[in-house]
Structures are given as structure tokens and as C-alpha cells.
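In: What follows is a predicted structure for the sequence shown.
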Amino acid sequence: MSLARIEDLGDRLVVWNLNAARRGALSPEYYAVLHEALMQAAYTPRIVSVILASEGGFFCSGGDLTVLATRAAQTEAERRGNIDKLHDLVRAIIGCPKPVIAAVEGGAAGAGLSLALACDFTVAAEGARFTAAYVKAGLVPDAGLTHLLSRLLPRAMAARMVLLGEPVASERLHALGALSELVQEGESHAAAMALADRLAQGPSATQGAIKALLNSAASNDVFSQLDAERDAMARAQGSPEAAEGIGAFLDKRPPDFEKLRSAT
């Protein structure tokens, strides 16, 4: 039985992690399916967003320790290659021109935490726990987790998470602004779908340009970011989405961006 699948719902793709027996641990099948979904979303105009969800009540427990236990027998170059596969997945989420939404039930740990936080929207259920306990296994964080945590959280909390392996509840992360939404247990998928509905009403290409600007802002100085915003705005002003959006505003009617996607 496959450990991952894509559900195509027209204007969105839902990528299901089906490894419930191991609390959503990452698998080669999941890597391949998620890469496929992100690539399909990037090059298919009708697809506006991608949702990451899991069966079994736990979003993702990260790397399978039974697999990681075999890595000591490999050369360091081989181990680097395996880690690069995971890092390529994080790059693909961040680089996807369509917004990616994580629907987190139960919790996320290790690389699963990285995947959740790398998404543009992270919807989490009340009581979910987020853990980066690499240190307890004699390992260091990977999958961009130190960058994500240091950007989203106060350093003191990030240090406790990665140096002590302390879990943090979804309620606390939401209060600090690290999560997009906090919902009742069992409701994260429905809330992610509602977000996808809202995104589907908007201009998809413009959303992709805005996502790219948010990503570049994390590393650019203000002057470089001003240049990036200038270039993006100059392109946007000549786009069909701007013509529809501005025209709708002047005509005092709702914009119809879906018709533009249907025409491509």
C-alpha cells in the first residue's frame, strides 16, 4: 500500500501522508508524491494552492529513526546526499509559486515540524504539540529548522526547543504568531480547505509574486527589497490580473480572477 497520495480537487491539490502506523513519518513515497504535487501546482494555472494533510491524527513525526539508525554505516558523502533529498523537499515548498497550507492534527516533530513551518499557512488543532528533539537522539536539526525557528520565535524559546528538546503546544505558538490559525481538534483540514477557498477567489499569479517577495525579504536588505518590489509591481501593472482587479474596482463589481485561469 502506498504511503502517500494526491487528491486533485480542481483548484487545489491535497497531499496525504498515509503513514499512520508511524505517525506520519517521512517515506520515499511521500517525498516523491509531494514533489510531484508541487511541480504540478507550479505549472498548472487552474491549481491555486496545495494542502498537506495526514491520516491517523498526527501530522508528521519526521525522519524514521529505524532508517536513520542505518546511516552510521554510510559514508559522510552518502549521508549528505540523503539529507539533500529532504532539503530539496523544503526548497520545493518554499519555492512553489502557489501557496502551500499545512493542516496539523496531533503535532509535528523533527523534519515534520520543518515541513509545517515552511508552508505559507500552518493551521493547527488545539492540543497539537510541536517538537524538535534531535538533541535527545544525539542529532542536530536539519530541513531548515534552525532558520525557521529563529525567524518565527524568540531565541530563548527556539533554544529550549532545539537544545533541550522541549515540546511547545500549538496554543503558545499561535499566540506568538508562528501559526496561521488555531482550530478545534479535528478541524484543521476543514480550516485549510476554507483558506484554499479564499485563495481560489484571488489572483493566483499575483499571489505567487507576493510569496516570492515575502521569501526574498527574509534575506534582502531594504534597498534590495525595494528593487525587488519595484520590478514585481512593474510586471503586475501590465498583467491580466491587474486589468481585471482594477477594472472590477472601477466598475464597482467583484473581480472574477477564476475566468482568467480558465482561459489559460
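Out: Thanks, I have the structure now. Residues are numbered from 1 along each chain as shown.
In: Of all the residues in whichever strand or helix holds Ile210, which ones are buried?
Out: Of the helices and strands defined by DSSP states H and E, Ile210 is found in helix 204-217. By neighbour count on 16 or more other CB atoms under 10 Å, the buried set for helix 204-217 is 204-211, 213. Where you see a C-beta, it was placed from the backbone N, CA and C, and this is true even at glycine.
In: Who are the packing partners of that helix?
Out: Applying 3 or more CB pairs under 8 Å, 6 or more residues apart in numbering; DSSP states H and E, one finds that helix 204-217 contacts helix 222-237, helix 240-251.
In: Now distance to Ala72, mean pLDDT and mean neighbour count too, for those, in TSV please.
Out: Output for the helices and strands packed on helix 204-217, formatted as TSV (distance: least, CB to CB, whole Å; pLDDT from 0 to 100; neighbours: other CB atoms under 10 Å):
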stretch	distance to Ala72	mean pLDDT	mean neighbour count
helix 222-237	42	97	12
helix 240-251	52	97	14
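In: Next, the buried residues of stretch 193-203.
Out: Neighbour-count burial for stretch 193-203 [16+ other CB under 10 Å]: 193, 195-196, 199-200, 202-203.
In: Tell me the one of those residues nearest Gly144?
Out: Nearest to Gly144 among the buried residues of stretch 193-203 is Leu195, at 22.4 Å by CB to CB.
In: follow-up on the earlier one: just so I know, which of the helices and strands packed on helix 204-217 lies nearest Ala175?
Out: Of all these, it is helix 222-237 that lies closest to Ala175, at 28.1 Å by CB to CB.
In: helices and strands around the closest one, which ones?
Out: helix 204-217.
In: Give me the contacts around the helix it packs on.
Out: Under the criterion CB atoms under 8 Å, 6 or more residues apart in numbering, residues 45, 48, 94-95, 97-99, 120, 199, 224-225, 228-229, 232, 235-236, 239, 241-242, 245, 257, 261 lie in contact with helix 204-217.
In: could you redo the last one with a cut-off of 6 Å?
Out: Here helix 204-217 makes contact (CB atoms under 6 Å, 6 or more residues apart in numbering) with 48, 97, 225, 228, 232, 241.
In: Could you work out the most separated pair of those residues?
Out: Val48 and Gln225 (25.6 Å).
In: Just give the closest residue to Gly107, not the sequence neighbours.
Out: The shortest distance from Gly107 to any non-neighbouring residue, by CB to CB, 6 or more residues apart in numbering, is to Arg129 (4.1 Å).
In: so what's the one you found bridging to?
Out: Gly107, Ala169 (DSSP bridges).
In: Could you pull out the strands in the stretch 51-200 of the chain for me?
Out: 100-104, 107-109, 121-125, 129-131, 168-169, 181-183 (DSSP state E, counting those that start in this stretch).
In: quick one: which of those is nearest Leu34?
Out: Taking CB to CB, strand 100-104 is the member of those nearest to Leu34, at 9.6 Å.
In: Let's see which of the buried residues of stretch 193-203 end up in helices.
Out: In this view, the buried residues of stretch 193-203 that belong to helices under DSSP state H are 193, 195-196, 199-200.
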